[in-house]
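# the following block contains a protein sequence and its predicted model.
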Amino acid sequence: MPTVNGSDVKKVVIACDAGMGSSVMVASTMKKKLKKYDVTVEHTPVNNIPPDTQVVLCHAGLAERAKGIAPEAVIVPFQVFMGDPAFAKVESAIKDGGTLES
Amino acid sequence: MATEILSADAVRLGLTARDKEDALRQCGAVLVEIGAADPAYAEAILERERSVSTYMGEGVAIPHGTDESRDHIKRGALAFLQFPDGVDWNGKTAHVCIAIASRSDEHIGILQSLAMVLSDKESARRLRETTSVDEVLELLAPTDEEDDD
């Protein structure tokens, strides 16, 4: 299982099916939260997750597909697009240097 | 000819829909009507919704097509459809659908504004209940957050 320490994370990728709706919304709120830790946030269709990605946030329904596209990345699934605990989990791992795992 | 991403003629208030599918078809129809997409894209909106719901929270859903259906988009545009009586959305109630037709990142400013509106309960309520097209355009005016520095 891929793992990463939050303090090593430089980029978080938000993936959704088409990369034009929900991932944009999530990326917009995550960008605000992670700005102060010098972490970039990108959004993408799940099929285009860049191979060097460390952390992917995606809807639970797409987690398996994301794993297939980016087997090296830590996949953090969420259930709801706003206020899901997964967002806080990623933020606090980056803030405090905690471990994230798939 | 409207060139803005969300133009006044794409803001439709006070609509009714029988159910989610009806609301999605209306979304697709407005995108086709304003010249943003082909009918095939409207079909892809239905298909996309079957995989993962586009319900975002605070009574707002953001229907859009699939990655494969991008070829059926003619220009990047959004449509705003308001259903004051609400539409059952897999157990949630949607009062607003913001339908997206986008080939690249032209609509990001508006979705960033939407994310901010949805994080503020009062603004979200205004979006659901307003009877003014101008108020919708004002609430969703793109944020000019070019980059995150």
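That came through fine.
# and for residue A:27, the neighbour number?
26 (other CB atoms under 10 Å in any protein chain shown). Glycine gets a C-beta too; all of them are placed from N, C-alpha and C.
# which ones are touching it?
Taking CB atoms under 8 Å, 6 or more residues apart in numbering or on different chains, we find residue A:27 in contact with A:14, A:41, A:42, A:43.
# can you do 10 Å?
By CB atoms under 10 Å, 6 or more residues apart in numbering or on different chains, the contact list for residue A:27 reads A:12-16, A:19, A:41-44, A:57, B:108, B:111-112, B:115, B:148.
# now whichever strand or helix holds it, how far from the chain's geometric center?
Take DSSP states H and E as the rule and residue A:27 turns out to sit in helix A:22-34. Put simply, helix A:22-34 sits 10 Å off its chain's centre (CA atoms, centre = their mean, to the nearest Å).
# tilt between the helix or strand following it and helix A:22-34?
Scanning forward in sequence from helix A:22-34 by DSSP H and E, the next helix or strand is strand A:40-45. Going by axes from the mean of the first three to the mean of the last three CA atoms, to 10 degrees, strand A:40-45 is angled at 170 degrees with respect to helix A:22-34.
# elements contacting strand A:40-45?
Contact here means 3 or more CB pairs under 10 Å, 6 or more residues apart in numbering or on different chains; DSSP states H and E; on that basis strand A:40-45 packs against strand A:11-16, helix A:22-34, strand A:55-59.
# so which of those comes closest to residue B:5?
helix A:22-34 (12.6 Å; CB to CB).
# helix or strand with the lowest mean pLDDT in chain B?
Least confident helix or strand of chain B, by mean pLDDT, DSSP states H and E, is helix B:108-118 with a mean of 86.
# does chain A sit close to that helix?
Yes. Applying CB under 10 Å from any CB of the partner chain, one finds helix B:108-118 touching chain A at B:108, B:109, B:110, B:111, B:112, B:113, B:114, B:115, B:116, B:118.
# report all helices and strands that that helix contacts.
Looks like helix B:108-118 contacts helix A:22-34, strand B:55-57, strand B:60-61, strand B:77-89, strand B:92-101, helix B:121-129, helix B:133-139 (3+ CB pairs under 10 Å, 6+ apart).
# related to what we said a few turns ago, looking at the helices and strands packed on strand A:40-45, spot the one closest to residue B:57.
That would be, of these and by CB to CB, helix A:22-34, which comes in at 9.4 Å.
# and that closest one with strand A:55-59, angle?
130 degrees.
# strand B:92-101 and helix A:22-34, what's the angle between them?
Here helix A:22-34 points in a direction 100 degrees away from that of strand B:92-101 (the same axes, to 10 degrees).
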